[in-house]
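Trainee: Below are the sequence and a predicted model for it; my questions follow.
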Amino acid sequence: MIPAGFDYHAPRSVADAVKLLGSLGPDAKLLAGGHSLLPMMKLRFAQPSALIDLGKIPDLRGITQSGGEIRIGAMTTEHELLNSKLLADKVPLLVEGVSQIADPQVRYKGTIGGDICHGDPANDHPALALALDASFVLAGPKGERVVKAEGFFVGVYATLGVFLINAAREPLANRSLIWFTIWSSIVHGGIMLVQALVDETDRINLLGDVPALFLVAFVLWYLMSGKARA
């Protein structure tokens, strides 16, 4: 239960973090909340040569509204999301989803960016991001670019390239047009079903264990004439 040796870096800006990520090579890993990476390192399933701790970059935290969208810094914790009055008023689906994540100890340290970048189909934020038609601001050596959530997740535990998520952007919708159902802890590992009515368009996203996905997707297809999107 002791990780292999590694170098530790704590940059103070996004630019410095991106520079380190490029110079340290593919064996370096970004550290957000650490709930997934650190246990794997202790078991030596993961042996990064270096950790780039994002916890001391103030620009990666915060929740703000800009025009017709909410911008959430990648290092914003689940606890901060859960207690945001702005999110509760503008994007209640996100707050309700976050309330189902683990326990207070995990929510105090876990971050929205870490959850998204891990690419775990049983996690909560990928389904929420897809249902809310969110976009991610990615920072890399060539600058920033914005990618829709549906183009960011490319497979199980697989996301688009090696980038640092700067922020998640959630478009605002009329609050009365958002409703949801969340199922969790169905089959080991769980499945999350999120239904969101955004701009009068049904969006249903399923993430979780494959056998459960097939079962629920079939039921939804049968009941809703093919509206389900898995």
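Mentor: Received, thanks.
Trainee: Am I right that Asp89 is in a helix?
Mentor: Yes. Applying DSSP: H, G, I helix; E, B strand; the rest coil, one finds Asp89 inside a helix.
Trainee: Next, count neighbours for it.
Mentor: Burial of Asp89, expressed as a neighbour count using other C-beta atoms under 10 Å, amounts to 11. C-beta here means a position set from N, CA and C on the backbone, and glycine is covered the same way.
Trainee: What are the neighbouring residues in contact with Lys109?
Mentor: Contacts for Lys109 were tallied using C-beta atoms under 8 Å, 6 or more residues apart in numbering; they are 33-35, 77.
Trainee: Mind giving me the PyMOL select for these, buried ones only?
Mentor: Here is the PyMOL command that selects the buried residues among these (16 or more other C-beta atoms under 10 Å):
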select buried, resi 33+34+35+77
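Trainee: the bottom helix or strand of this structure by mean pLDDT?
Mentor: Every helix and strand of the chain was ranked by mean pLDDT, DSSP states H and E. The lowest is strand 191-198, at a mean of 50.
Trainee: what residues are up against the most centrally placed residue in the chain?
Mentor: In the chain, the centroid-proximal residue (C-alpha atoms, centre = their mean) is Ile116; its distance is 2.2 Å. Each residue near Ile116 by C-beta under 8 Å, 6+ apart is listed here: 74, 123, 125-126, 129, 136, 152, 159, 165, 168.
Trainee: 6 Å instead, please
Mentor: Each residue near Ile116 by C-beta atoms under 6 Å, 6 or more residues apart in numbering is listed here: His125.
Trainee: any weak-confidence spans in the chain?
Mentor: The chain contains residues with pLDDT under 70 at 161-165, 172-230.
Trainee: 80 instead?
Mentor: 1, 121-122, 131, 160-230 (pLDDT under 80).
Trainee: care to break it down by domain?
Mentor: 1-56, 61-224 (automatic domain parsing).
Trainee: Quick check: which of those domains is buried the most?
Mentor: Most buried of those by mean neighbour count (mean count of other C-beta atoms under 10 Å) is domain 61-224; its value is a mean of 17.
Trainee: For the protein, which segments count as helices?
Mentor: 14-23, 37-42, 78-82, 85-90, 92-98, 104-109, 112-118, 124-131, 149-152, 210-224 (DSSP state H).
Trainee: export the ones you listed to a markdown table and tack on distance to Gly62?
Mentor: Below are the helices of the chain laid out as a markdown table (distance: least, C-beta to C-beta, whole Å):
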| stretch | distance to Gly62 |
| --- | --- |
| helix 14-23 | 13 |
| helix 37-42 | 23 |
| helix 78-82 | 8 |
| helix 85-90 | 10 |
| helix 92-98 | 15 |
| helix 104-109 | 17 |
| helix 112-118 | 11 |
| helix 124-131 | 17 |
| helix 149-152 | 20 |
| helix 210-224 | 34 |
